[in-house]
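>>> Provide a 3D model corresponding to the input given below.
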Amino acid sequence: MKNKFYKYIENLQDTITSALEKVDGKATFKEDIWKRKEGGGGRTRVIENGAVFEKGGVNISAVHGELPEVLRNQFKVKEGNFFACGLSLVLHPKNPFVPTVHANWRYFEMYNSSGDIVTQWFGGGQDLTPYYLFDEDAIHFHTVCKSACDKHNLEFYPKFKKTCDEYFWNTHRDEARGIGGLFFDYQKETADFTIEDRFNFVTEVGNRFLESYVPIVEKRKEIIFTKEHKDWQEVRRGRYVEFNLVHDRGTLFGLKTNGRIESILMSLPPIVQWKYNHIPEENSEEAKLLSVLANPKDWLL
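Down below sits the predicted model:
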């Protein structure tokens, strides 16, 4: 399974980066191959200063070796080895009317002293972070997410949508990072689902990513914007940074396990503002966004 999934994310990285280069029309992804001294490595691809994407990355990695202390404590074991691979992407558009997007799909195995698999699971998801809210964009994004889930189980979308709303919550701000999507973790083999079923579900979501995001980009990328719009985008990007550095489990895991820092912090936007006690005008489009972020909604009702 680990070889099968790694081959999948290799191909998915190629598919996504090729499609995004066509959308941008100016910049291309720069590739950086890296190795981890404890075992494994990755292929980072970053795009910067494009016509559409101010900064973004689509990265894959496969790492293995002895369980780091943080994982030994988490799994309550004294020793063991692991393998983990995944694709992670974040795209920060230039135009404030185009939303930021994040997605990742990953697979994990843990082994005993004999090298036998003692546990394995899939995780992942995707979520949208707009700076100006267009209801039709939110509906489109969630419709594709639901369609991908429904092919495998009708309970997946409401369950993983709720988990996403709960996970991407900036508790110190008491607001959502964005308008959600899907988030799932520890998708193991059960009486109802084989590990092959889990693979088929995760790859379904990954294969539908471009469909969920690119039409939104195409629709909004030519909208004229002002410095005030850009300022608001950069203020909201600050909240994105706060979540990633304070709450995000993936970022914190990478920082605590000697991960490759450039690939971990690839998710951060290039230009950010923190304005003291910044409150938008009442009834403005900016205030409209904040009201939704304070109370996550069901976009498909």
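
>>> which residue is nearest the centroid of this protein?
Nearest to the geometric centre of the chain sits Ala103, at 2.6 Å (C-alpha atoms, centre = their mean).

>>> which residues does the nearest residue to that residue once chain neighbours are set aside bridge with?
For Ala103, ignoring the flanking residues on the chain, the nearest one in space by C-beta to C-beta, 6 or more residues apart in numbering is Gln126 at 3.6 Å. (Each C-beta comes from the backbone N, C-alpha and C, glycine too.) For Gln126, the beta-bridge partners under DSSP bridges are Ala103, Leu182.

>>> hang on, Gln126 packs against Pro99?
No: applying C-beta atoms under 8 Å as the test, Gln126 and Pro99 come out as separate, 11.7 Å apart.

>>> quick one: buried residues of the helix or strand containing Glu166?
With elements taken from DSSP states H and E, the one containing Glu166 is helix 156-167. Buried residues in helix 156-167, counted by 16 or more other C-beta atoms under 10 Å: 156-157, 160-161, 163-165, 167.

>>> swap in stretch 41-58?
42-47, 50, 52-58.

>>> can you map out the helices along the stretch 51-200 of the chain?
Remark: helices assigned in the stretch 51-200 of the chain by DSSP state H, counting those that start in this stretch are 69-75, 135-150, 156-167, 195-207.

>>> how about those, which one is nearest Val63?
The closest of the helices of the stretch 51-200 of the chain to Val63 is helix 69-75. By C-beta to C-beta, the value is 11.5 Å.

>>> just to revisit the earlier point, got the CA positions of the helix holding Glu166 in CSV?
Extracted in CSV, the C-alpha atoms of helix 156-167 (Å, rounded to 0.1, in the frame of the first residue of the first chain):
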residue,chain,number,x,y,z
PHE,A,156,-18.6,11.0,5.0
TYR,A,157,-19.3,14.6,3.9
PRO,A,158,-21.3,15.8,6.9
LYS,A,159,-18.9,14.0,9.3
PHE,A,160,-15.7,15.3,7.6
LYS,A,161,-17.1,18.8,7.0
LYS,A,162,-17.9,19.1,10.7
THR,A,163,-14.4,17.9,11.6
CYS,A,164,-12.9,20.4,9.2
ASP,A,165,-14.9,23.3,10.8
GLU,A,166,-13.7,22.2,14.2
TYR,A,167,-10.1,21.6,13.3
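
>>> how far away is the residue nearest to the centre of the chain from Phe83?
To Phe83, Ala103 is 21 Å away according to C-beta to C-beta, to the nearest Å.

>>> Contacts for the helix or strand of the chain with the lowest mean pLDDT, please.
Here the helix or strand of the chain ranked lowest by mean pLDDT, DSSP states H and E is helix 69-75, holding a mean of 79. For helix 69-75, the external contacting residues (C-beta atoms under 8 Å, 6 or more residues apart in numbering) are 67, 78-80, 82, 110, 119, 253, 256-257.
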